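Chemist: build me a model:
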Amino acid sequence: MSHGNKPKKITINVSATTAIPHPPGLSDGTLSLPIGGPGDAEFTTDVVKGQPVQFVGTENATITKITEDVDLFSTNPTPANKFTGIVGSLPENETKEYTLFYTVAGHPGITYKQDPKIRGKSST
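Modeler: Below is the predicted model:
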């Protein structure tokens, strides 16, 4: 049975180890890059307007902030909403970068950042 037109939530996992704090491992359920792998340049998540996207720190990584140069989210991912943003208007096949900031256990006082991308796709 259909759940209406509500798109399924995407969870983007950010993982790191004390030995390899950067670049982190990134995974969105479709694409997965290993800890210490190629990093954000190879990581693009396909989304549709209205789709929830949650950013989750795993292993030793803790998400601290998500920023974007253009307004990608109609609801911004913040600590108050457990870093769950709602994708705003993103034209099909348009790719935009955002920045996620995270800390790693064992590396006090250091904030790391990555600049993965999201790409609009057709909701049909």
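Chemist: which residues are in contact with the strand with the most length in the chain?
Modeler: Ranked by residue count, the top strand of the chain under DSSP state E comes out as strand 95-104. Contact with strand 95-104 is made by 14, 16-18, 21-22, 24, 44, 55, 57, 60-70, 72, 90, 110-120, as judged by Cβ atoms under 8 Å, 6 or more residues apart in numbering. Bear in mind the C-beta positions are built from the backbone N, C-alpha and C, glycine included.
Chemist: what's the answer for stretch 12-26, then?
Modeler: 27-28, 32-40, 43, 45, 53-61, 63, 100, 102, 104-107, 110, 112, 114, 116.
Chemist: neighbours of Leu31, how many?
Modeler: Using other Cβ atoms under 10 Å, the number of residues around Leu31 comes to 14.
Chemist: let me fix that, I meant to ask about Gln114.
Modeler: Look at Gln114: counted by other Cβ under 10 Å, it has 19 neighbours.
Chemist: what does the pLDDT read for it?
Modeler: The per-residue pLDDT reported for Gln114 equals 92.
Chemist: quick check: closest non-adjacent residue to it.
Modeler: Once flanking residues are discounted, Gln114 sits nearest to Asp40: 4.4 Å by Cβ to Cβ, 6 or more residues apart in numbering.
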